[in-house]
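In: Starting from these lines, generate the structure:
(one chain, ligands or ions: 1)
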Amino acid sequence: MIKYMLKCCQDHEFEAWFGHSSDFDDQACRGLIACPHCGDVHIEKAPMAPHIRTSKSNTRKFDEIAEEMRRDIEKNCENVGDDFADTARAIHYGDAPERGIYGQATIRQAQELAEEGIETLALPDAITPRNKTKLN
Ligand SMILES: [Zn+2]
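Out: Predicted coordinates:
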């Protein structure tokens, strides 16, 4: 069932349920839908509130971008788990091969890294690689 917001020629708005999206066109064509306020059968779909559409498309876009970033990290970076701070430091000082890594660090560890000039980036949940947490 689909609920449409409908509108007659005189801008009366009313809601109606249809079994299928094509049912509206079919019934409206044959003059089977009448405005409950004035009986007008020239009915069209009322535009939906724009803010609903916008927020939905923004959410989808963010999800897609997040998904892409997450895959990129999974593909190109090594999960070093709780060794993140040590490994980041080792790479920074040339004690370990340079590569992309991700893992867990405490806020304190991240601050210490920052003080040493090592930039880290906190990953939002949506772009944190899944099922790849290193278990100790
Ligand atoms: Zn009407």
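In: any idea which helix or strand comes after the helix or strand of the chain with the lowest mean pLDDT?
Out: Across the helices and strands of the chain, the lowest-confidence element by mean pLDDT, DSSP states H and E is helix 50-76, at a mean of 73. Per DSSP states H and E, the first helix or strand lying C-terminal to helix 50-76 is strand 77-81.
In: Listing partners with orientation, what would you give for that following strand?
Out: Strand 77-81 has the following strand partners under DSSP bridges: strand 100-103 (parallel).
In: Give me the residues contacting the partner strand.
Out: With contact meaning Cβ atoms under 8 Å, 6 or more residues apart in numbering, strand 100-103 is reached by 73, 76-84, 87-88, 91, 123, 128-129, 134. To be clear about C-beta, it is placed using only N, CA and C from the backbone, and glycine gets the same treatment.
In: go with 10 Å
Out: 72-88, 90-91, 120-121, 123, 127-129, 132-134 (Cβ atoms under 10 Å, 6 or more residues apart in numbering).
In: Okay, residue 47 and the ion: tell me how far apart.
Out: Distance, residue 47 to the ion, by Cβ to the ion, to the nearest Å: 16 Å.
In: actually residue 81, not the one I wrote
Out: Residue 81 is 65 Å from the ion, by Cβ to the ion.
In: Tell me the bridge partners for that residue.
Out: Applying DSSP bridges, one finds that residue 81 bridges with residue 103.
In: how many other residues sit next to the residue lying closest to residue 122 once chain neighbours are set aside?
Out: In space, and not counting its chain neighbours, residue 122 is closest to residue 110: 7.4 Å by Cβ to Cβ, 6 or more residues apart in numbering. Using other Cβ atoms under 10 Å, residue 110 has 18 other residues around it.
In: My read is that residue 89 contacts residue 110, right?
Out: No - with contact taken as Cβ atoms under 10 Å, residue 89 and residue 110 are classed as non-touching, separated by 11.7 Å.
In: I'd assumed residue 106 was in contact with residue 122.
Out: No - the criterion here is Cβ under 10 Å, and residue 122 misses it with residue 106 at 11.6 Å.
In: Looking at the two, which has the bigger crowd around it?
Out: residue 106 (11 against 8).
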